[in-house]
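Chemist: pasting the sequence and the predicted model now:
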Amino acid sequence: MTTLFLLAPLAVPALGALIYAVLGWRPATAWVSAASAALMLASAITVAVSVVGSGPHTAVGGLLRVDAVSAFMLIVIGAVALLATTATPAYLTAEIAAGRATARTARWHSVLVQLFLAAMALAVLAANLGVVWVAIEATTIVTAFLVGQRRTRAAVEAAWKYVVICSAGIALALLGAILLNYASQQAPGTGGLDLAALAANAHHLDPAVTRIAVALLILGFGTKAGLAPLHAWLPDAHSQAPAPVSALMSGVLLSVAFYAILRVKVIADAALGPEFARTVLIVMAIASLLLAATLLVAQRDYKRMLAYSSIEHLGLVALGAAIGSPLALAAILLHILGHGLAKAVLFLGAGRILQATGTSRIDKVRGLAAGHPVLAGSVGLGVLALLGLPPFSLFASELGIARAGFAAGLGWVTTTAMVLAVVLVLVIAAALVGHTSRMLLGTPPEPTEGPGAAIAPRRLPASTALALGAGLAVCAVLGITAGPLSSLLHAAADTLLGPQ
Amino acid sequence: MSETLFVQLLDLACGALLLTAVLVLWRRELAVIIRVFALQGVALAALVAVLAAREGSGELWAVAAGVLALRAGMLPYLLRRALASAGETQRETRPVVNVASSLLAAAVLTLLAYAASRPLVELAPSPVTAAIPVGVTVVLIGFFVLVTRRRALSQLVGFLLMDNGITAIGFLTTSGVGLIVELGVSLDVLLAVLVLQILTTRMRETFGDTDLDELRELHD
């Protein structure tokens, strides 16, 4: 029975893609993608319940394997996908009405988004590191045309950079996987790239080769997770992609890539001791936070602002992974979910602002609260959630990461990194508040200003409002109580601690 | 096959792999670069074939045939098609680093590759693993081409050089990473090249050129 629910997150979106490819995008199929995401979420929850009850489960001849971490990531994918796909029909309708897209674009958009969801589900369900790699590279391929969907100069440029940087970066991870396979073939025990077997036999792996392999794997998957130094594709791709795609890329794709790093870290910690992966992750985390802080202060484009904030949050997740205590690991998983929800709300909101005002420049958007109160309210609350203000769950998770960091007593390097991170997070928060308040408050510009500025009708479509509200509500509820998720989070943190 | 003949054939294939990588740095005509890249695909297939002959493995022979079809046939064909639609701009006009310095850089990268891959060779010393540094050199040269060339097509070749190098390392360390992964990787690379080929066409439609210096709309 579990096998059926385990296959559903792969089969349902694949079927969805087929439906869109055959029938195209029309009123009858507009909600297929949302239904597919809802089914994914439902089966993810079922799988999670079964995993918490009876432990990991394998299927399809050992190719797929679900444990608490995979089940949690499936829930994140399903939840963010449900928000993004609920807002998609209204978004595509407005794009078609504005003449920036056709029914054909909408069809391909829907096909590719479904394949994107299937690829991400495969990445977290695969039992073999090689298959994880194949699935994550597949996400690059299916999202390339989504990033370049608008076919403007900027969109084509973003798509090119996205594919070249991500493919080259993830090629490093492939090299790392090959070297890890080499080390595992030379070690006693079952050779190969099976994640569970690798984690169990890691202490036999040759340290010198494993060190090179782990560095390449973290750098390679780190590229896709948007961590410095290979983050350059992220702001371009996130700012050019259609809003629902940006929501998915920022909300889940980055953390699915980070999931691969977490799996590698379990193996690295057992083979090399925790110091090596910790050092690499701390350096990348602080570099990402520094970069986000510097580029956010003078940011002029609100979609790029959100993109740099994603770099910040993945940096925080990397910092938490570097600390590596059970509290820190549970906190980063909760952070991944909270960030996914809040960032999805914000990107969907930003897409709507772009449709309503026709500009993505921060200084051109003023007094949004007066003309679009619901939209402005959601975006404002979303930014507060992102800053980690209570009651939103990012408050709980950031506090958890900070507490774990200062409690771990990992020497002056980690403590310095923690202090630096807190300072940088405050700088970033100030920048975000400054930029958003200028967009939301004040007097709206005269309607005559700008050539044909207002494209979309003023009223926020009910489905979009529902997605924005639901995302914020879930994020707030999770901040007050993790509820039934907490046993899953603890099981996942235990899995990520590896064999002790 | 005798041990000496095996080692000689293996070294010959690896030598061809390295030579073709350096030739890509040396030549500027895009058509020539694509031909050299196809030759490298043949060298890579030959490398796998030598290993297959040594192990007498039918599966490995099939993989060798697949490598030949993909890397000496399909990928160069896609590159040529991208080039054919490019019209008159068939030269890598102004690489960021000139040819002489590129060749010097290749020498430095080779030394670096030999230094960095010492632990890899020492883990299981044999004539096969002794060739790993060649694969690492090809990866580094590919990365160098990727970051120093300005034509979309030469960047693409850089990415593919990296991939050839990684595949070579895969076969030299163990005979591959398992059939499913191998197939997945090949499919991903093929699709990535297809995507980039289509993007090259779109770039020409929107920019009128494939000079990557034109890509400067997006920055902070």
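Modeler: Structure received. Residues are numbered from 1 along each chain as shown, chains lettered A, B, ... in the order given.
Chemist: distance of A:Pro56 from A:Met120?
Modeler: Computed as CB to CB, to the nearest Å, the A:Pro56 to A:Met120 distance reads 20 Å. Bear in mind the C-beta positions are built from the backbone N, C-alpha and C, glycine included.
Chemist: more neighbours, these two?
Modeler: A:Met120 (31 against 16; other CB atoms under 10 Å in any protein chain shown).
Chemist: what pLDDT does the more buried one get?
Modeler: At A:Met120, the predicted lDDT confidence score is 97.
Chemist: so how far is the longest helix along chain A off the chain centroid?
Modeler: The residue-count maximum for a helix in chain A (DSSP state H) belongs to helix A:153-186. In terms of CA atoms, centre = their mean, to the nearest Å, the centre of helix A:153-186 is set 18 Å apart from its chain centre.
Chemist: where does the chain dip in pLDDT?
Modeler: By default, I'm working from chain A. A:446-458, A:500 (pLDDT under 70).
Chemist: look at chain B instead
Modeler: In chain B, residues with pLDDT under 70: B:86-93, B:175-176, B:209-210, B:213-214, B:216.
Chemist: which residues in it form helices?
Modeler: Using DSSP H, helices in chain B cover B:3-26, B:30-55, B:58-67, B:75-84, B:99-116, B:118-123, B:132-148, B:152-173, B:179-207.
Chemist: for the first one, packing partners?
Modeler: Counting contacts by 3 or more CB pairs under 8 Å, 6 or more residues apart in numbering or on different chains; DSSP states H and E, helix B:3-26 is packed against helix B:30-55, helix B:99-116, helix B:132-148, helix B:152-173.
Chemist: and the contacts of that helix?
Modeler: Contacts to helix B:3-26, defined as CB atoms under 8 Å, 6 or more residues apart in numbering or on different chains, come from residues B:1, B:33, B:36-37, B:39-40, B:42-44, B:46-47, B:50-51, B:53-54, B:99, B:102-103, B:105-106, B:110, B:127-128, B:131, B:134-135, B:137-138, B:141-142, B:144-145, B:157, B:161, B:164-165, B:168.
Chemist: quick check: which element contains the residue nearest to A:Ala431 when sequence neighbours are not counted?
Modeler: Distances taken as CB to CB, 6 or more residues apart in numbering or on different chains place A:Leu296 nearest to A:Ala431, at 4.3 Å, with adjacent residues excluded. Here A:Leu296, judged by DSSP states H and E, is contained in helix A:274-297.
Chemist: buried ones in that helix, by neighbour count?
Modeler: Applying a neighbour-count criterion of 16 or more other CB atoms under 10 Å in any protein chain shown, one finds A:274, A:276-278, A:280-293, A:295-296 buried in helix A:274-297.
Chemist: tell me which residue is most central in chain B.
Modeler: B:Leu161 (2.0 Å; CA atoms, centre = their mean).
Chemist: surely that residue touches B:Leu140?
Modeler: No. B:Leu161 sits out of contact with B:Leu140 when judged by CB atoms under 8 Å, with a separation of 9.5 Å.
Chemist: which single residue of the stretch 351-500 of chain A ends up nearest chain B?
Modeler: A:Ser360 (11.5 Å; CB to the nearest CB).
Chemist: before we move on, back to that, who touches the residue nearest to A:Ala431 in this structure?
Modeler: A:305, A:308-309, A:312, A:427-428, A:431-432, A:435.
Chemist: and the stretch 201-350 of chain A, which residues reach chain B?
Modeler: Contact residues (CB under 8 Å from any CB of the partner chain) of the stretch 201-350 of chain A with chain B: A:206, A:208-209, A:211-212, A:235-236, A:239-240, A:295, A:299, A:304.
Chemist: again, only this time at 6 Å
Modeler: For the stretch 201-350 of chain A, the residues in contact with chain B (CB under 6 Å from any CB of the partner chain) are A:206, A:208-209, A:236, A:295.
Chemist: and those residues, which are buried?
Modeler: Counted by 16+ other CB under 10 Å, these give A:206, A:209, A:236, A:295 as buried.
Chemist: can you lay out the residues you listed as CSV showing distance to A:Leu488?
Modeler: Putting these into CSV (distance: CB to CB, whole Å) gives the following:
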residue, distance to A:Leu488
A:Asp206, 35
A:Val209, 35
A:Asp236, 35
A:Leu295, 35
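Chemist: restricted to helices, list those.
Modeler: Checking these against DSSP H, those in helices are A:209, A:236, A:295.
Chemist: got the contact list for the nearest residue to the second one once chain neighbours are set aside?
Modeler: For A:Asp236, the nearest residue in space outside its immediate sequence neighbours is A:Ala158; the separation is 4.0 Å by CB to CB, 6+ apart. Contact criterion CB atoms under 6 Å, 6 or more residues apart in numbering or on different chains gives A:147, A:236-237, A:240 as the residues in contact with A:Ala158.
Chemist: repeat for A:Val379
Modeler: A:Val379 neighbours (CB under 6 Å, 6+ apart): A:Gly349.
Chemist: so how far is the helix or strand harbouring it off the chain centroid?
Modeler: Here A:Val379, judged by DSSP H and E, is contained in helix A:373-386. Its chain's C-alpha centre and that of helix A:373-386 lie 19 Å apart, by CA atoms, centre = their mean.
Chemist: just say which of the helices of chain B is most tucked in.
Modeler: Mean neighbour counts were compared across the helices of chain B using mean count of other CB atoms under 10 Å in any protein chain shown; the top stretch is helix B:152-173, at a mean of 25.
Chemist: helices or strands up against it?
Modeler: helix A:153-186, helix B:30-55, helix B:132-148, helix B:179-207 (3 or more CB pairs under 6 Å, 6 or more residues apart in numbering or on different chains; DSSP states H and E).
Chemist: and those as JSON lines, adding distance to A:Ala356?
Modeler: Listed next are the helices and strands packed on helix B:152-173 as JSON lines, based on distance: least, CB to CB, whole Å:
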{"stretch": "helix A:153-186", "distance to A:Ala356": "20"}
{"stretch": "helix B:30-55", "distance to A:Ala356": "45"}
{"stretch": "helix B:132-148", "distance to A:Ala356": "40"}
{"stretch": "helix B:179-207", "distance to A:Ala356": "26"}
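Chemist: closest one to A:Val423 among those helices?
Modeler: Closest of these to A:Val423 is helix A:153-186, at 28.6 Å (criterion: CB to CB).
Chemist: check which helices and strands the next helix or strand after that closest one sits against.
Modeler: Next helix or strand after helix A:153-186 toward the C-terminus (DSSP H and E): helix A:195-201. The contact analysis (3+ CB pairs under 6 Å, 6+ apart) places helix A:195-201 against helix A:254-272.
Chemist: could I get the buried residue list for the helix it packs on?
Modeler: For helix A:254-272, by 16+ other CB under 10 Å, it's A:254-272.
Chemist: likewise for stretch A:472-490?
Modeler: For stretch A:472-490, the buried set under the neighbour-count rule, 16+ other CB under 10 Å, comprises A:472, A:474-476, A:478-479, A:482, A:485, A:488-490.
Chemist: neighbours of A:Gly62, how many?
Modeler: The burial count for A:Gly62: 12, using other CB under 10 Å.
Chemist: how about the one 5 residues further on?
Modeler: The burial count assigned to A:Asp67 is 20, neighbours taken as other CB under 10 Å.
Chemist: from chain B, how far off is it?
Modeler: 21 Å (CB to the nearest CB, to the nearest Å).
Chemist: which residue is the nearest non-sequential neighbour of that residue?
Modeler: Nearest one to A:Asp67, counting by CB to CB, 6+ apart, is A:Pro56 at 4.0 Å.
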